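>>> Sequence and predicted structure, then a few things I'm wondering about:
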Amino acid sequence: MQNATKNQSIDSATHSDVKEATLLPALTGIRFFAIFHIFWFHLMEIRGNEKPPQFENMLADMDLLPEKFIVFISNGWMSTSFFFILSGFILAYLYWGNDGLLSVSRKQFWHRRAARVYPMHVILALLTALLVIPNAIGQGDSFFNIITGTIATLFLLQAWNPEWVPLISWPTWTLSALVFLYFLIPFLMSALARLTRVQSVFLLCALPLISLLPTVIYAQYFPAGSEPQQFWQIFIGSTPLFWVAHLVAGMLLSRLLKISRFNPRFRPTNNWLSLGDLAFVAVIVLTLVPSIEEPLKYYLRHGLMMPLYLIIVYDLAKGNGIAARLFSLPGMKFIGETGFSVFIWQNIVMIFLFISLLISPATGQYQFIAASLCMVLLAIFSTYILEKPLSKWVRRKWLRG
């Protein structure tokens with residue numbers, strides 16, 4: 001109890017929503033680009049999906065992009081695993097005290113996370129539901145599935161049922177998984193803190209293999225060349241439980257290397273050369289490999305790329321290498337803090353792509369560049385004008401005294 005009280009006093013002295021300023025700058029900077037890579041991938045998916053004739057000109061300007069850039073975008077799914085590892089690392093850095101306990105009460109932690117994620121999400125999810133439910137009814141979706149899926153999406157529970165994920169706001173399945181991981185964080189910290197250093201190292205080395213187990217089973221039913229089914233594709237890719245290993249990997253990396261705001265001895269080293277740069281180059285090379293098919297894409301996404309991402313996160317946290325310097329440039333922290341907004345707003349942006357085509361088919365010639373620019377501007381406006389003030393207001397209501 002004394003340790004918990006001590007940690008809470010430390011937290012209140014250094015923490016205002018665990019000030020974003022305490023985040024390591026390169027990690028904050030790269031977060032936006034990883035999430036935007038996922039957004040571009042979603043645009044690519046829309047472009048490639050079958051559509052009614054009136055939408056055939058959707059994102060037509062993507063055809064003018066360089067071929068290698070198209071391949072890079074089509075492999076945007078690779079950034080999802082990086083996002084969950086990075087989330088685990090940052091949360092451990094900010095909240096995992098030296099005594100192995102959460103530095104605030106569970107209630108405070110969960111309230112702070114909810115206040116950051118839910119308010120704007122609920123507003124936009126309701127708006128999205130009003131826009132897409134008529135179309136879902138027109139396509140013959142059951143009334144029960146529409147109602148339950150809408151409620152699940154509002155509460156960010158939709159990732160647990162593959163039929164709910166695409167119903168209202170497909171991109172926010174990531175936030176749905178993250179909410180589950182937020183719930184686990186206090187319990188994971190307590191359990192992982194009881195491991196010896198050798199056990200922690202062993203677990204960290206084993207996590208890429210553990211994370212691959214669902215994919216191994218999936219590959220038995222859908223081997224290379226087979227016809228995949230959307231239900232099972234969503235199940236293997238979106239189920240929150242399958243992302244726990246990535247979160248734990250990020251947490252253990254922070255713990256084992258003592259990269260923590262509670263460690264007064266931790267200082268960025270800022271070396272010019274780093275293994276992280278080589279790992280970053282390796283990831284870029286992988287994103288330029290065309291036509292990665294199932295189940296290989298799931299093997300890469302759910303485990304094989306984890307060691308590369310851990311190396312990258314470590315050197316970015318330490319400030320080592322060229323990549324760390326690039327992602328720490330002025331303005332990177334400002335844009336990096338808007339990552340959540342990209343997840344929350346992208347479905348609205350996609351809906352308006354369809355609406356613009358109904359108004360004028362010619363808009364398809366400008367949609368990719370317009371969607372990208374609008375997303376950046378929306379993310380900045382939403383983060384700093386809407387979400388942060390709203391989050392502070394909700395926290396004041398929840399966490400008085």
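Structure received. Since we're looking at a predicted model, the values are computed, not measured.
>>> which one's the longest helix in the chain?
Ranked by residue count and defined by DSSP state H, the top helix of the chain is helix 106-138.
>>> Distance from it to the middle of the chain?
Distance of helix 106-138 from the chain centroid (Cα atoms, centre = their mean, to the nearest Å) equals 16 Å.
>>> list the helices and strands it packs on?
Contacts defined by 3 or more Cβ pairs under 8 Å, 6 or more residues apart in numbering; DSSP states H and E place helix 106-138 against helix 143-154, helix 173-193, helix 339-359, helix 388-398. Where you see a C-beta, it was placed from the backbone N, CA and C, and this is true even at glycine.
>>> what's the distance between Ile46 and Ser81?
For Ile46, the distance to Ser81 equals 22 Å [Cβ to Cβ, to the nearest Å].
>>> Pick out whichever of these two has more residues nearby.
Comparing Ile46 with Ser81 by neighbour count (other Cβ atoms under 10 Å), the higher total belongs to Ser81, at 24 against 17.
>>> Now the helix or strand hosting the more buried one - C-alpha only, PDB.
With elements taken from DSSP states H and E, the one containing Ser81 is helix 78-95. The C-alpha atoms that make up helix 78-95 are tabulated as PDB, following Å, rounded to 0.1, in the frame of the first residue of the first chain:
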ATOM      1  CA  MET A  78       2.700  -4.600 -41.700                       C
ATOM      2  CA  SER A  79       2.500  -1.500 -39.600                       C
ATOM      3  CA  THR A  80      -0.300  -2.800 -37.400                       C
ATOM      4  CA  SER A  81       2.000  -5.100 -35.400                       C
ATOM      5  CA  PHE A  82       4.400  -2.200 -35.000                       C
ATOM      6  CA  PHE A  83       1.600  -0.100 -33.500                       C
ATOM      7  CA  PHE A  84       0.800  -2.700 -30.800                       C
ATOM      8  CA  ILE A  85       4.400  -3.200 -29.900                       C
ATOM      9  CA  LEU A  86       4.900   0.500 -29.700                       C
ATOM     10  CA  SER A  87       1.800   0.900 -27.500                       C
ATOM     11  CA  GLY A  88       3.100  -1.700 -25.000                       C
ATOM     12  CA  PHE A  89       6.500  -0.100 -24.800                       C
ATOM     13  CA  ILE A  90       5.100   3.500 -24.300                       C
ATOM     14  CA  LEU A  91       2.600   2.400 -21.700                       C
ATOM     15  CA  ALA A  92       5.300   0.500 -19.800                       C
ATOM     16  CA  TYR A  93       7.600   3.500 -20.000                       C
ATOM     17  CA  LEU A  94       4.900   5.800 -18.600                       C
ATOM     18  CA  TYR A  95       3.100   3.700 -16.100                       C
END
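>>> Now do it: which elements does it pack against?
Contact analysis of helix 78-95 by 3+ Cβ pairs under 8 Å, 6+ apart lists helix 25-48, helix 173-193, helix 244-256, helix 275-287, helix 306-318 as its packing neighbours.
>>> Which among those helices is found nearest to Arg106?
Evaluated with Cβ to Cβ, these place helix 173-193 nearest to Arg106, the distance being 4.7 Å.
>>> wait, doesn't Gly339 sit right on Phe33?
No: with contact defined as Cβ atoms under 8 Å, Gly339 does not reach Phe33; the gap is 9.0 Å.
>>> Of the two, give the one with the bigger neighbour count.
Gly339 (22 against 16).
>>> pLDDT value on the residue most central in space within the chain, please?
The structure's the chain has its C-alpha centroid closest to Phe83; by Cα atoms, centre = their mean the separation is 4.4 Å. Confidence at Phe83, expressed as pLDDT, is 96.
>>> Ok, Phe33 next?
95.
>>> Could you find the closest non-adjacent residue to it?
Sequence neighbours aside, Phe327 is the residue nearest to Phe33 in space, at 7.7 Å (criterion: Cβ to Cβ, 6 or more residues apart in numbering).
>>> Now the one you found. Its backbone dihedrals?
Dihedral pair for Phe327: phi -80, psi 0, per degrees, to the nearest 10.
>>> wait, what's in contact with it?
Pro25, Ala26, Leu27, Gly29, Ile30, Phe33, Leu316, Gly336 (Cβ atoms under 8 Å, 6 or more residues apart in numbering).
>>> got it, and Val165?
So Val165 contacts Gln158, Ala159, Trp173, Ile234, Ser238 (Cβ under 8 Å, 6+ apart).
>>> Please tell me the pLDDT value assigned to it.
Reported pLDDT for Val165: 96.
>>> can I assume it sits in a helix?
No: assessed with DSSP: H, G, I helix; E, B strand; the rest coil, Val165 is coil; it does not lie in a helix.
>>> what's the distance between it and Ala129?
Distance from Val165 to Ala129, by Cβ to Cβ: 14 Å.
>>> Dump the contacts of Phe327 into a markdown table; add distance to Gly250 as well.
Below are the contacts of Phe327 laid out as a markdown table (distance: Cβ to Cβ, whole Å):
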| residue | distance to Gly250 |
| --- | --- |
| Pro25 | 17 |
| Ala26 | 15 |
| Leu27 | 10 |
| Gly29 | 17 |
| Ile30 | 13 |
| Phe33 | 17 |
| Leu316 | 12 |
| Gly336 | 16 |
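>>> which two in those residues are spaced the farthest apart?
Pairwise distances across the contacts of Phe327 peak at 13.6 Å for Pro25 and Phe33 (criterion: Cβ to Cβ).
>>> Any regions of the chain where pLDDT drops low?
1-23, 399-401 (pLDDT under 70).
>>> The same query, at a cut-off of 80, please.
Applying pLDDT under 80 to the chain flags residues 1-23, 397-401.
>>> any idea how far Leu91 is from the nearest residue to Phe89 once chain neighbours are set aside?
Of all residues not flanking Phe89 in the chain, Gly250 sits nearest, at 3.6 Å (Cβ to Cβ, 6+ apart). According to Cβ to Cβ, Gly250 stands 8 Å off from Leu91.
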